[in-house]
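>>> Have a look; sequence and predicted model below, questions after that.
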Amino acid sequence: MKQFIKMSFVDFKGHLGPFRLEEFLTLNILNPFLTLVFYCLLAGYTYKTSDLTSWVIGNSFLLCTSVCIFSLGIVFTREKQCGRIRSIICSPLSKLQIMLQKGFFPCLVCILTTLVGFLLGGVFFHVPLGKIHWGLYGCILGVAMVGACSFGLAIGAIGLLTDQMHLILNTVSAVMLIFTGTNFPVAQLPFWGRGIAKVLPLTRSVEAAKLLCDDFTMEQIMRLLLGEVLLSVCYLIIARLILVYAEHKAIKEGTLELF
């Protein structure tokens, strides 16, 4: 475990090396928080309401998008550009372990970003923070960020198969904004939209977090969290299968360029 954390930190530090602390905070907290403020103000004027609790909760969870989608989504593309992808593909080390190493510290950053964004948004928009069960909120937040990072790694693995990652990442970001229930209730989506929502991360976590500000039962929360955990496992399996396919394809064709 010590070696796992050490290698994960080295990888994370390597990606953040060019950034100073103020640049890191601006990129990962201030910029996403301004996005949260924008959508909450838009919702307030659109629905003519001052109770923005639901939108603050939902959009605070989406603050992880910059790390989970855009940072983890190009992780293997970046490795390829830096010339390290050959070592990853040829390494006898478990590819699942490599993926988990790359997602460990980003997951912690996502938890911090979401928590800070939620607290700032709560103060800014007068959310009744005292009514929230913070222990359950912490559990929901942890499960949500694991799911989001697993999804990011699955998207990142696709970078081995295509050179259109920027198009894919921006499309996925927009899809999550619309279909995870952060700004539009899932129940209001058409049938096909609800189907998309069910296979996206954060949908169940956002719903569970919103329940904390309303009447809820532990059975409701646990059912949603269990669904999120199972979805996270599925994303890791998908990422693993893509890596296995890329590995065999690279060996068979003698190239790492599969597109």
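All right, it came through fine. Here the structure is a predicted model, which is why all the values come from computation and not from measurement.

>>> Please enumerate the helices of the stretch 151-259 of the chain.
Remark: helices assigned in the stretch 151-259 of the chain by DSSP state H, counting those that start in this stretch are 165-179, 191-198, 203-211, 218-253.

>>> JSON lines please, covering those helices and showing distance to Ile69 and mean pLDDT.
Any C-beta I mention is one placed from the backbone N, CA and C, and that applies to glycine too. Output for the helices of the stretch 151-259 of the chain, formatted as JSON lines (distance: least, CB to CB, whole Å; pLDDT from 0 to 100):
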{"stretch": "helix 165-179", "distance to Ile69": "5", "mean pLDDT": "88"}
{"stretch": "helix 191-198", "distance to Ile69": "16", "mean pLDDT": "90"}
{"stretch": "helix 203-211", "distance to Ile69": "15", "mean pLDDT": "90"}
{"stretch": "helix 218-253", "distance to Ile69": "12", "mean pLDDT": "87"}
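
>>> Mean neighbour count and distance to Thr46 added to these, as a markdown table?
Below are the helices of the stretch 151-259 of the chain laid out as a markdown table (neighbours: other CB atoms under 10 Å; distance: least, CB to CB, whole Å):
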| stretch | mean neighbour count | distance to Thr46 |
| --- | --- | --- |
| helix 165-179 | 16 | 15 |
| helix 191-198 | 13 | 19 |
| helix 203-211 | 25 | 18 |
| helix 218-253 | 16 | 27 |
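
>>> Verify the contact between Phe12 and Pro106 for me.
Yes - with contact defined as CB atoms under 8 Å, Phe12 counts as touching Pro106 (6.9 Å).

>>> Give the residue from the two that has the larger number of neighbours.
Under the neighbour definition other CB atoms under 10 Å, Phe12 and Pro106 were set side by side, and Pro106 has more, 25 against 19.

>>> That one is in contact with Cys149, isn't it?
Yes - using CB under 8 Å, Pro106 is in contact with Cys149, at 5.8 Å.

>>> and the helix or strand encompassing Phe76, which residues are buried?
If you go by DSSP states H and E, Phe76 is part of helix 75-81. Across helix 75-81, burial judged by 16 or more other CB atoms under 10 Å covers Val75, Phe76, Thr77, Arg78, Glu79, Lys80.

>>> go on, stretch 23-43?
For stretch 23-43, the neighbour count (16+ other CB under 10 Å) marks Asn28, Ile29, Pro32, Phe33, Thr35, Leu36, Val37, Tyr39, Cys40, Ala43 as buried.

>>> Inside helices: which ones of those residues?
Using DSSP state H, Pro32, Phe33, Thr35, Leu36, Val37, Tyr39, Cys40, Ala43 are the members of the buried residues of stretch 23-43 that sit in helices.

>>> thinking again about what came up before, which of the buried residues of stretch 23-43 lies closest to Ala208?
Nearest to Ala208 among these: Leu36, at 18.8 Å, using CB to CB.

>>> I'd say the closest one and Thr65 touch.
No - look at Leu36 against Thr65 with CB under 8 Å: they stay out of range, at 11.1 Å.

>>> Closest to Leu230 out of the ones in helices among the buried residues of stretch 23-43?
Nearest member of those to Leu230, counting by CB to CB, is Pro32, at 27.2 Å.

>>> Would you agree the closest one is in contact with Cys110?
No - taking contacts as CB under 8 Å, Pro32 lies outside contact range of Cys110: 10.3 Å.
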